[in-house]
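only the shape, not the letters, is given here:
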C-alpha cells in the first residue's frame, strides 16, 4: 500500500480511517458541505458531492484551518469539527511513528507539519500567523492584517500606539 507523502494525501489518509466512520454526511448537511467544499475557504476544493465520511472530515478540517473570515458552522457541525480535530492528533502521532520506523523523511515532515497545523488551527501558509496568539481571534487578526501587521516580525516592530488602534 502506498503511504501518503504530502499534506493533501496525508489528510485524506487520516480522514479515511475507521475513527471517522461515524461522521457520515446527513441529508440536511450535504448541500452546505458541497458549497463549502467548492468554495474559496478550502485549500483543495473538492469536485462532486460530499457523500462520504472522509470527504466530510476533509472539508471540516480545511474549514477549521482556513484564514479569516472563517465559516460560521452550525453548532452540530462545529461540535463534529472539534471531535475530528481531537481525534486526528493521536492518529497523526501514530502515523509519524510509522514514518520514522520506515525511514520516510518527507512523509514524516508532512505528518509533523499537519499535526502542527491542526494544533494551531491554521495552515502553515496562512496570511495571518498572528491569529495563533492568545486573545487574537479572527476579527483582531483581520484588523492587524489591514494595518500591515500580519507577521510576528511586523507585530514586534510595530509602534504600540498603532497596535492599540489596530486592535
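Ah, there it is. Computed from a prediction, not measured in an experiment: that's the story for all the values here.

the residue sitting nearest the centre point of the chain and residue 104, how far apart?
The centre of the chain sits closest to residue 65, judged by CA atoms, centre = their mean, with a distance of 2.7 Å. As judged by CB to CB, to the nearest Å, residue 65 and residue 104 stand 24 Å apart. C-beta coordinates here come from the backbone N, C-alpha and C atoms, glycine included.

cool, and residue 158?
For residue 158, the distance to residue 104 (CB to CB) stands at 41 Å.

show me where the chain has its helices.
Under the criterion DSSP state H, helices of the chain are mapped to 7-15, 30-38, 53-65, 75-101, 105-120, 138-146, 152-157, 160-166.

which residues sit against the second one?
The one in question is helix 30-38. Contact partners of helix 30-38, identified using CB atoms under 8 Å, 6 or more residues apart in numbering, comprise 25, 42, 45-47, 49-51, 55-56, 59, 63, 71.

okay, those residues in JSON lines with neighbour count next?
Below are the contacts of helix 30-38 laid out as JSON lines (neighbours: other CB atoms under 10 Å):
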{"residue": "25", "neighbour count": "19"}
{"residue": "42", "neighbour count": "18"}
{"residue": "45", "neighbour count": "13"}
{"residue": "46", "neighbour count": "16"}
{"residue": "47", "neighbour count": "7"}
{"residue": "49", "neighbour count": "13"}
{"residue": "50", "neighbour count": "24"}
{"residue": "51", "neighbour count": "13"}
{"residue": "55", "neighbour count": "22"}
{"residue": "56", "neighbour count": "25"}
{"residue": "59", "neighbour count": "30"}
{"residue": "63", "neighbour count": "22"}
{"residue": "71", "neighbour count": "19"}
